[in-house]
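1. Okay, predicted coordinates and the sequence, questions at the end:
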Amino acid sequence: MAANLDGRIKLVAGCFSSKPKNSKASGADLYLDTSRVYSSYEEMARKEAALPASERIDFVSIVTRNQTHFAVAKTFLEAGINVICEKPLAFSMVEARALRRVVNNSGKVFALTHNYTGYPMVKEAKEMVRTGQLGRILKIVVEYPQGYAITALGDKGESGISNWRMDPSVAGVSNCMGDIGTHAENLARYITGLEIEEMCAELSTFIPDRPLDDDGNMLVRYKGGARGILYASQISNGEENNLNIRIYGTKCSIEWFQEHPNELVVKEVNQPRIIKRRGNSYLSTVAQKYSRLPFGHQEAFIEAFANVYLAAADAIEDEVSGRKLKKNYDFPTVEDGVIGMAFIATAVKSSKSKTKWTKMLG
């Protein structure tokens, strides 16, 4: 839905399941040419790469589980096909670093769908920081509480692995911090440009018999002196998808809530609060560029995803047209993915450490 929203991207081929029969059935549901519905990603990469340049796919969108991202992305990149991939980048830091090398050697476009960076008011927040409107950043508080996992403590007595994100052979070394904590880290870094220097993390598992975390809290020291608090949770009873961020600067502060994404609150000492709203002409040009509807009409999750695809489409059009790729496309890259994987690994390392304060892995 997101890829199709702006009319620049069309679904023409795919492998839709690890089971060939299911893949064919999904292709039929999507009215695709049966010759371009594949039984495996390897077959898809091989046969699409063999087509004339004007006929083959321009990019592939990888929406599989964590443990398959590396192999699928590597296969398509080495076949000369651009990639848009779900986060996290890979299953492990070893895979993340290896995939970065593959991307850099390929010369192809690689975009990571950290979709919350696509909201117009998040882009407005980034622009406010970039232009110095907040002054020097002193403190960042970013939270991502959900409550859905608390049902596993209910009357049904569910205590096993109820979803793949709780399976370390599929998800990796972390569930909660790896799944939604990375969104919190990425959002803070996207808006402020600040990178974590070290952290003091505690990851917890409240649901019995589960091997991975379902809650996490950390203190953060950013490069340059700013301090932060990051919290991610799947057992925060009653919360839905309450990703939010508050950034405190020497001139003013801002706050943004994902459940109310069309508003950005600006706060200053001894001044009334200002609420900026999506779609208005007083916003920065970048916020206006990624807004589709007139003010007062709500834009949200699908449109934010679409903005990542929209920015990636600019780069992919340049690549397939033989133009030199720019350095300022507005979408998360493989480098963001490597940093996200380092964040996960460092959080796990810090949580297990007796000294706690842990330098961010590279």
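-> Okay, I see it.

2. Confirm for me that Asp314 is in contact with Tyr329.
-> Yes. Judged on CB atoms under 8 Å, Asp314 makes contact with Tyr329 at a distance of 6.0 Å. Just so you know, the C-beta spots here come from the backbone N, C-alpha and C atoms, and that holds for glycine as well.

3. pLDDT weak spots in the stretch 101-250 of the chain?
-> 154-162 (pLDDT under 70).

4. now the helices for it?
-> Counting by DSSP state H, counting those that start in this stretch, the stretch 101-250 of the chain has helices at residues 120-130, 168-171, 176, 182-192.

5. Is it possible to get these out as TSV so that each row also shows mean neighbour count?
-> Putting the helices of the stretch 101-250 of the chain into TSV (neighbours: other CB atoms under 10 Å) gives the following:
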stretch	mean neighbour count
helix 120-130	23
helix 168-171	16
helix 176	25
helix 182-192	24
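
6. Would you tell me which of the ones you listed gets closest to Tyr41?
-> helix 168-171 (16.7 Å; CB to CB).

7. Off-centre distance for the closest one?
-> Using CA atoms, centre = their mean, to the nearest Å, the mean C-alpha position of helix 168-171 is found 18 Å from that of the whole chain.

8. residues making contact with that helix?
-> Here helix 168-171 makes contact (CB atoms under 8 Å, 6 or more residues apart in numbering) with Arg65, Asn66, Gln67, Trp164, Arg165, Gly178, Asp179, Pro211, Leu212.

9. sec struct for Ala98, please.
-> Here Ala98 is recorded as helix under DSSP: H, G, I helix; E, B strand; the rest coil.

10. Put together JSON lines for the helices of the stretch 101-250 of the chain, with distance to Arg246 on each row.
-> JSON lines is the format used below for the helices of the stretch 101-250 of the chain (distance: least, CB to CB, whole Å):
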{"stretch": "helix 120-130", "distance to Arg246": "11"}
{"stretch": "helix 168-171", "distance to Arg246": "29"}
{"stretch": "helix 176", "distance to Arg246": "21"}
{"stretch": "helix 182-192", "distance to Arg246": "10"}
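
11. Which one, of those helices, ends up nearest to Ala45?
-> Among those, helix 168-171 comes nearest to Ala45, with 22.1 Å by CB to CB.

12. hmm, back to that, which of the contacts of helix 168-171 has the most neighbours?
-> Gly178 (27 neighbours; other CB atoms under 10 Å).

13. okay, which residue of the chain is out on the far edge from center?
-> Outermost residue of the chain with respect to the C-alpha centroid, by CA atoms, centre = their mean, is Asn270; its distance is 36.1 Å.

14. you'd agree Ser233 is up against Tyr148?
-> No. Using CB under 8 Å, Ser233 is not in contact with Tyr148, being 10.5 Å away.

15. Identify the contacts common to the two.
-> Common neighbours of Ser233 and Tyr148, counting by CB under 8 Å, 6+ apart, are absent.

16. Next, please give the residue ranges for the strands of the stretch 151-300 of the chain.
-> Assigned by DSSP state E, counting those that start in this stretch, the stretch 151-300 of the chain shows strands spanning 196-204, 215-222, 227-233, 244-249, 253-257, 263-267, 274-277.

17. Pull the distance from the first one to the chain's centre.
-> What that stands for is strand 196-204. Strand 196-204 has its C-alpha centroid displaced from the chain centroid by 20 Å (CA atoms, centre = their mean).

18. rewinding a little: now distance to Ala45 too, for the strands of the stretch 151-300 of the chain, in CSV please.
-> Below are the strands of the stretch 151-300 of the chain laid out as CSV (distance: least, CB to CB, whole Å):
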stretch, distance to Ala45
strand 196-204, 35
strand 215-222, 36
strand 227-233, 34
strand 244-249, 38
strand 253-257, 39
strand 263-267, 41
strand 274-277, 44
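
19. sorry, back to before: need the max-distance pair from the contacts of helix 168-171.
-> Maximum pairwise distance among these (CB to CB): 16.2 Å, between Arg65 and Pro211.

20. still on that earlier bit, now that we have the strands of the stretch 151-300 of the chain, can you turn them into CSV and tack on distance to Met44 and mean neighbour count?
-> Below are the strands of the stretch 151-300 of the chain laid out as CSV (distance: least, CB to CB, whole Å; neighbours: other CB atoms under 10 Å):
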stretch, distance to Met44, mean neighbour count
strand 196-204, 37, 19
strand 215-222, 36, 22
strand 227-233, 34, 22
strand 244-249, 38, 21
strand 253-257, 38, 20
strand 263-267, 41, 18
strand 274-277, 43, 14
